[in-house]
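Colleague: Sequence plus the predicted model coming up.
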Amino acid sequence: MTARFYAGAAALALFAGMAHADGHQPFAVGEGGFSWDSFNEFAEKYDLSGQTVEITGAWTGNEKEKVDAVFSYFETATGATVNYSGSDSFEQDIVISTRSGSAPNLAAFPQPGLAADLASQGLLSPLPEGSAEWIADNYAAGQSWVDLGTYADADGNDQTYGLFYRVDVKSLVWYSPIAFDEAGYDIPETMEELKELTDLIVEDGGTPWCIGLGSGAATGWPATDWVEEMMLRTQPPAVYDQWVSNEMKFDDPAIIAAMEEFGYFALNDDYVDGGASAVANTDFRDSPAGLFAIPPSCYMHRQASFIPAFFPEGTEVGEDVDFFYFPAYEGKDLGKPVLGAGALFAITNPSEATNAMVEFLKLPVSHELWMAQGGFLTPHKGVNPETYASDSLRAQGEILLNATTFRFDASDLMPGEIGAGAFWTGMVDYTTGASAEDVAKGIQERWDAIQ
């Protein structure tokens, strides 16, 4: 071990004891069994003193503080300097900088679409050799993550450009443990059981679901998530991908059937708080409120991992409210698909230190260091789940690790006029009386018009 790394180890200990200006510890380094062995091997391999890695992304504020804390360990291990700049206008900034030749070394893209666009223009560099194989071997549902980070280059050849780091889970059903316990309801493990539970709640005089599509100018997007979930539970992943790219037309019977699977829950007056007519008119931020009413106005609410931000003040996840995996059909043999989102790192200006940073981001500890700070999920199979900051995050991480397929939010990958336009408004039309066939046909006509 070099003298430089001995000094680095001392710096690690010092960092662990450092406090922010407000007196709070950045996080409890060393608690929870961090994976230091591979970090130590990495530190002995690299001496990048005097080199700098410039990184940009959409993480600002508290998220910037967290990722800066992670990057400080790369600095300690290698002697390099990391400059991270977060921007609320990242999508515009990264296009300008890459086209002008002033791009940073790495960029953390909030979704694959923009990265794919830049790769097709020759503005990204592929990940270091062997990265695709590493992702496939080390991430749960690994091939899914390889596919999500692989795009055609300027010559039309597929290359792996993206390494996902920090993921969000959407395939969650929120419920009140107290209400479930009082009623004697069990957590459903299959879609068949979820539908049986839905009927049982009605038989017992309750209302199973709270659903709301309202979101101002973005009204309708929660329904697109439902349809995406149902596509993954009724069709193989390859069909989902064909739908996203419009290789399979939007008015294909498979997509219409997925829409009607959403309608099974949303269009039944007995199933939804306020009846089916309330679905389109209820703001998504208000829709989980029924879980907390006494007696509950609803027993379940399907929504992503961010929804606790809209729960009543003082709500304790795990006590007042909890979640379970939105299950798959036992009879369709499609495994355990998970819908979500996530950020991916891609190289926008290659260098030796940049490649080293990519290797650092593959280390379990680079994930664990943010896991311990909260607000971070990962499909990395090598991390110690005990480093998650809460039981809730650990349980969501377990859902990721048990996934057989991961797919990104389809509407975010479609052209904006479709995914953030016709699809949103079409789902509002569907919940207010239009047929699934007519809605799907209208969305496809819009897609045809922009091609």
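Modeller: Received the coordinates, thanks.
Colleague: what about dumping the CA coordinates of the longest helix along the chain to PDB?
Modeller: As assigned by DSSP state H, the longest helix anywhere in the chain is helix 61-78. The C-alpha trace of helix 61-78 is given here as PDB (Å, rounded to 0.1, in the frame of the first residue of the first chain):
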ATOM      1  CA  GLY A  61     -29.300  21.200  -3.500                       C
ATOM      2  CA  ASN A  62     -29.400  18.400  -1.000                       C
ATOM      3  CA  GLU A  63     -28.800  15.800  -3.800                       C
ATOM      4  CA  LYS A  64     -25.700  17.700  -4.900                       C
ATOM      5  CA  GLU A  65     -24.400  17.500  -1.300                       C
ATOM      6  CA  LYS A  66     -24.900  13.700  -1.300                       C
ATOM      7  CA  VAL A  67     -23.200  13.000  -4.600                       C
ATOM      8  CA  ASP A  68     -20.400  15.400  -3.700                       C
ATOM      9  CA  ALA A  69     -19.800  13.300  -0.500                       C
ATOM     10  CA  VAL A  70     -19.600  10.100  -2.700                       C
ATOM     11  CA  PHE A  71     -17.200  11.800  -5.100                       C
ATOM     12  CA  SER A  72     -14.900  12.800  -2.200                       C
ATOM     13  CA  TYR A  73     -14.100   9.200  -1.800                       C
ATOM     14  CA  PHE A  74     -12.900   8.900  -5.400                       C
ATOM     15  CA  GLU A  75     -10.700  12.000  -4.700                       C
ATOM     16  CA  THR A  76      -9.300  10.300  -1.600                       C
ATOM     17  CA  ALA A  77      -8.600   7.000  -3.400                       C
ATOM     18  CA  THR A  78      -7.000   8.500  -6.500                       C
END
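Colleague: Now do that helix: which elements does it pack against?
Modeller: Judged by 3 or more CB pairs under 8 Å, 6 or more residues apart in numbering; DSSP states H and E, the packing partners of helix 61-78 are helix 3-17, helix 36-45, strand 52-57, strand 81-86, helix 352-362, helix 364-371. From N, CA and C alone the C-beta is placed, and that goes for glycine too.
Colleague: Just the buried residues of it, please?
Modeller: 63-64, 66-78 (16 or more other CB atoms under 10 Å).
Colleague: okay, residue 7: pLDDT?
Modeller: Looking at residue 7, its pLDDT is 35.
Colleague: Just say which of the helices and strands packed on helix 61-78 is most tucked in.
Modeller: Compared across the helices and strands packed on helix 61-78, helix 364-371 shows the largest average neighbour count, a mean of 25 (mean count of other CB atoms under 10 Å).
Colleague: Quickly list the domain ranges of this protein.
Modeller: Using automatic domain parsing, the domain parsing of the chain gives 3-169+340-408, 172-338+412-450.
Colleague: What ranges in the chain fall below the confidence cut-off?
Modeller: 1-32 (pLDDT under 70).
Colleague: about what we covered before: looking at the buried residues of helix 61-78, which one is closest to residue 395?
Modeller: Distances from residue 395 to the buried residues of helix 61-78, taken as CB to CB, are shortest for residue 66 (20.5 Å).
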